[in-house]
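Q: Attaching a predicted model along with its sequence, questions to come.
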Amino acid sequence: MKWNKSEVIGFQNSLLDWYQANRKALPWRETKEAYKIWLSEIMSQQTQVETVIPYYKSFLEKYPDISALADADDAELLKLWEGLGYYSRARNLKSGAQQIMAEFNGQFPRELDKIRSIKGIGPYSAASIGSICFKLPEPAIDGNLFRVSSRIFEISDDISKTSSRKIFDEKLRQVISIKEPGDFNQALMDLGATICLPKAPKCAECPVILYCSANANGTQEYYPIKTKKIKQKNQYYQAFAVKSADKYLMSQRRKNGLLADMWTFPMLETEEKAEVELPSNLKDKVIKYTEIGEITHIFSHLKWHVRLFVCQLEEDDQVQANTAMDNQKWLSKKDLMKHALAGPQIKLFKLLQDAFHGH
Ligand code: SF4
């Protein structure tokens with residue numbers, strides 16, 4: 001349902017008045033300088049605000065403006081970032097500063113498409129910087145805004161779908177304050193962080209309770225709609241089938257953690273599509289290796305991609321089991337029956353069998 005003009009104004013006023021009275025005091029809220037807001041936005045991604053504050057201050061002392069950041073020494077920059085994690089953010093900031101020097105004459109651009117073109121700035125950060133620094137009426141939709149607006153307007157579109165963003169964006173554009181879009185965005189973010197919480201929202205304290213459809217219908221807990229699918233993190237491994245006579249070199253996994261104590265081929269975690277890297281005790285012994293395929297194995301939060309290499313030894317049985325890394329042994333097929341094989345390992349044996357004996 002579309003709001004009339006007085007509802008829009010009433011909503012904006014309630015929200016903005018509450019924000020003025022309750023806004024969190026943060027160093028980057030003392031300024032509208034785009035460089036500083038940009039810095040705070042990038043530092044705050046995936047990071048708690050309290051953690052960001054000292055980094056923000058020391059970063060500005062060292063690099064007070066765009067040109068200083070563009071000239072930053074890489075090692076010093078990363079040292080200053082140490083502990084914040086996601087180091088590509090620091091590198092992108094420097095590249096972005098160099099881009100602003102080269103393409104925009106050292107001036108942070110004021111138009112949304114130009115802000116978006118800066119390295120490392122996505123749609124959310126661009127809208128946030130644009131609304132705070134240049135009063136662009138752009139909704140800055142992050143997780144908090146999804147939650148709060150899905151409740152206020154009872155939007156039933158699944159927030160984990162990319163296509164839903166447009167629906168939220170359109171709805172928020174109808175109500176965003178043209179005069180104070182930056183405060184409006186930040187007010188909704190603060191509301192989501194302190195009152196319209198994911199579980200048990202504190203509706204009795206909410207400044208916009210009169211405008212909230214979910215509150216009126218008692219449906220707060222149903223919103224936002226989000227498919228529950230857990231996204232597994234991808235991990236990449238190389239596994240090595242090394243056979244001598246009728247025995248395979250096998251590794252026992254550590255006592256703790258995933259697949260604890262279970263047996264697999266020697267394996268190394270690598271980057272995706274990495275070059276082959278043999279484990280240290282195989283390096284000088286293997287004269288030839290052949291990749292025969294890949295298996296995937298899904299755990300609750302992880303997805304393993306394991307490439308299997310069959311290795312040929314220089315001389316039979318010369319590889320020392322590497323006991324420093326993990327417990328290794330040469331095991332015959334009969335021995336293997338007595339050892340707990342990890343799920344992915346069973347798939348690796350199957351792959352091996354298919355490769356050499358047909359289907
Ligand atoms: S009334 Fe409740 S559900 Fe609605 S916006 Fe406020 S805190 Fe969220």
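A: Received the coordinates, thanks.
Q: ranges for the helices of this protein?
A: 5-22, 34-44, 49-62, 66-70, 74-81, 88-103, 112-116, 123-134, 143-152, 164-173, 181-194, 213-217, 333-337, 343-357 (DSSP state H).
Q: With respect to Lys231, which of those helices lies nearest?
A: Proximity to Lys231 (Cβ to Cβ) singles out helix 143-152 among the helices of the chain, at 14.6 Å. For the C-beta atoms, the positions are set from N, CA and C on the backbone; glycine is no exception.
Q: So which bits of that closest one are buried?
A: For helix 143-152, a neighbour-count test (16 or more other Cβ atoms under 10 Å) marks 144-152 as buried.
Q: now it: how far from the chain's centre is it?
A: 20 Å (Cα atoms, centre = their mean, to the nearest Å).
Q: Output it as PDB, nothing but the C-alphas.
A: Below are the C-alpha coordinates for helix 143-152, written out as PDB (Å, rounded to 0.1, in the frame of the first residue of the first chain):
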ATOM      1  CA  GLY A 143      21.200  -6.300   6.100                       C
ATOM      2  CA  ASN A 144      19.700  -3.900   8.700                       C
ATOM      3  CA  LEU A 145      17.800  -1.900   6.100                       C
ATOM      4  CA  PHE A 146      16.500  -5.100   4.600                       C
ATOM      5  CA  ARG A 147      15.200  -6.300   7.900                       C
ATOM      6  CA  VAL A 148      13.700  -3.000   9.100                       C
ATOM      7  CA  SER A 149      12.000  -2.100   5.800                       C
ATOM      8  CA  SER A 150      10.700  -5.700   5.200                       C
ATOM      9  CA  ARG A 151       8.900  -5.300   8.500                       C
ATOM     10  CA  ILE A 152       7.600  -1.700   8.100                       C
END
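Q: Disregarding flanking residues, what is the spatial nearest neighbour of the residue most central in space within the chain?
A: Geometric centre of the chain, nearest residue: Gln46, 7.2 Å, by Cα atoms, centre = their mean. Ranked by Cβ to Cβ, 6 or more residues apart in numbering and with sequence neighbours excluded, the top spatial neighbour of Gln46 is Tyr86, at 6.2 Å.
Q: could you point out where the chain is predicted with low confidence?
A: Scanning the chain for pLDDT under 70 picks out 1, 228-230, 315-326, 358-359.
Q: Could you pick out the residues of the stretch 51-200 of the chain near the ligand for me?
A: Residues of the stretch 51-200 of the chain lying close to the ligand by Cβ under 6 Å from any ligand atom are 148, 151-152, 195-196.
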